[in-house]
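In: Quick check, what structure comes out for this input:
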Amino acid sequence: MQTYKVVKVNKIKTRKKIKKRAILCGLLAFIILCLVYYFQIICPAVVALSEEKVRAIATQTISEVVGDVLTDNNLSYDDLVTITYSSENKVSQISTNSTKINLLVRKVTELVQERFETLDETSINVNLGTFTGIPFLFGYGPEIKLNLIPVGAVNTSFDTNFVSAGINQTLHSLYFDVTASIGMVLPASTQTFQTTLDILICESVIVGEIPSIYLQGKVI
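Out: Purely as a prediction, here's the structure:
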């Protein structure tokens with residue numbers, strides 16, 4: 001009789017161990033499935049819908065900075081470009097004021113970087129339905145805030161462009177090429193987007209024949 005009770009107790013303990021192991025395995029499988037669903041379904045959906053908002057914020061920030069810099073310096077085309085004509089009224093040389101341009105490039109880069117460093121105070125809202133990964137639920141449900149963070153450095157360069165504007169007339173445009181990275185913080189991951197924006201500084205129509213060396217390359 002004693003032996004029977006011991007065997008019965010052992011069987012009960014064994015069943016409890018098997019049950020606990022089954023529960024743990026099921027819980028582990030559920031966690032793995034949730035992680036796979038999050039990274040494979042939810043993350044891409046949230047990133048795709050949020051990318052446009054992130055790029056819009058970056059574009060607006062860059063545009064505002066460049067606008068402020070140009071307004072403060074009040075520069076015209078003649079302040080940045082010098083055109084020399086020959087005796088035959090042909091363009092013999094086009095040169096830029098590299099000192100002023102380098103100062104502008106440096107100022108834009110610094111200010112954009114400073115603005116981006118304050119983006120940790122900025123967030124975008126994504127509806128809870130978006131996190132399900134189900135298309136017809138996108139945009140529904142309460143909003144969840146996702147923080148934006150600056151990632152990497154801001155690069156600014158100077159570029160020029162020549163476009164024919166008629167007989168012996170050429171439109172010469174000067175641009176800022178600003179490239180910046182901006183990140184979006186998601187639970188357990190960070191997504192980074194790169195934004196490149198070409199912003200017109202000034203432009204003018206040059207009257208006279210322009211040497212092909214300028215039309216085929218960049219003015220420096």
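In: can you pull out the strands in the chain?
Out: With DSSP state E as the criterion, the chain has strands at 81-85, 91-96, 123-127, 143-150, 155-166, 169-186, 189-207.
In: Could you look over the ones you listed and pick the most buried one?
Out: Among the strands of the chain, the stretch with the highest mean neighbour count (mean count of other CB atoms under 10 Å) is strand 169-186, at a mean of 19. The C-beta positions use only the backbone N, C-alpha and C, and glycine is treated the same way.
In: Poorly predicted segments of this protein, please.
Out: Applying pLDDT under 70 to the chain flags residues 1-16, 49, 120-122, 131-133, 148, 150-152, 186-189, 211-220.
In: residue contacts, residue 176?
Out: With contact taken as CB atoms under 8 Å, 6 or more residues apart in numbering, residue 176 is in contact with 66, 104-105, 108, 156-159, 198-199, 201.
In: Format these as JSON lines; extra columns: distance to residue 137.
Out: JSON lines is the format used below for the contacts of residue 176 (distance: CB to CB, whole Å):
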{"residue": "66", "distance to residue 137": "39"}
{"residue": "104", "distance to residue 137": "47"}
{"residue": "105", "distance to residue 137": "46"}
{"residue": "108", "distance to residue 137": "42"}
{"residue": "156", "distance to residue 137": "41"}
{"residue": "157", "distance to residue 137": "43"}
{"residue": "158", "distance to residue 137": "47"}
{"residue": "159", "distance to residue 137": "44"}
{"residue": "198", "distance to residue 137": "38"}
{"residue": "199", "distance to residue 137": "38"}
{"residue": "201", "distance to residue 137": "45"}
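In: Now for these: which two are most distant?
Out: Spanning the widest gap among the contacts of residue 176 are 104 and 198, at 14.8 Å by CB to CB.
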